[in-house]
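Visitor: my questions are about this predicted structure, shown below with the sequence.
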Amino acid sequence: MRLVDDVRFDGAFSFLYSPRPGTPAAELPDQVPRDVAQARLERLQAAIDAQYLDASAAMTGSRQRVLVTGRSTRDAQELSARTDNNRVVNFAGDTALVGSYVDVVVTAALPHSLRGELAA
């Protein structure tokens, strides 16, 4: 957890440990109980999610050059794009923008995406 605090990861693919036959770790004594491992995983993921949201919140009000990738998955009336740090930004816009770079102003940070508006 100290490493997570020091590095401030932008995200992580973390999973509960499961022994794999033939691997040295599968044969180690004193395996961590599943409920302890689950609690540790939840603590890790909560810390990383909080750091991600903090970094996203710091982007609020900024102008970002984004690649428009398609329609938003949650609202087909909106577009979805990616920032240069791989955050998803959803905003209102014409589907003719798909595949192009545009500037957006970030208006809000959500847990796993940003809201934005096309820049003037």
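Guide: Everything's here; your move. Numbers count the residues shown, from 1 in each chain.
Visitor: assign the residue of the chain most remote from its centre to helix, strand or coil.
Guide: Going by C-alpha atoms, centre = their mean, the residue of the chain most distant from its centre is residue 29, 35.4 Å out. Assigned with DSSP: H, G, I helix; E, B strand; the rest coil, residue 29 falls in the coil class.
Visitor: over to residue 65?
Guide: Three-state call for residue 65 (three-state DSSP): strand.
Visitor: residue contacts, it?
Guide: 83-84, 101-103 (C-beta atoms under 8 Å, 6 or more residues apart in numbering). Heads up, the C-betas are built off the backbone N, CA and C, glycines and all.
Visitor: most widely separated two among those?
Guide: 84 and 102 (13.0 Å; C-beta to C-beta).
Visitor: find the nearest non-adjacent residue to residue 69, please.
Guide: residue 80 (5.5 Å; C-beta to C-beta, 6 or more residues apart in numbering).
Visitor: isn't there a helix covering that neighbour?
Guide: No. Per three-state DSSP, residue 80 lies outside any helix segment and is strand.
Visitor: which residues are contacting the longest helix anywhere in the chain?
Guide: In the chain, assigned by DSSP state H, the helix with the most residues is helix 34-58. Outside helix 34-58, the residues that touch it by C-beta under 8 Å, 6+ apart are 1, 4-5, 8-12, 14-17, 32, 87, 109-112, 114.
Visitor: tell me which residues touch the residue nearest to residue 66 when sequence neighbours are not counted, please.
Guide: Nearest residue to residue 66, sequence neighbours excluded (C-beta to C-beta, 6+ apart): residue 81, at 3.7 Å. Applying C-beta under 8 Å, 6+ apart to residue 81 gives the contacts 66-69, 88-91, 102, 104, 116.
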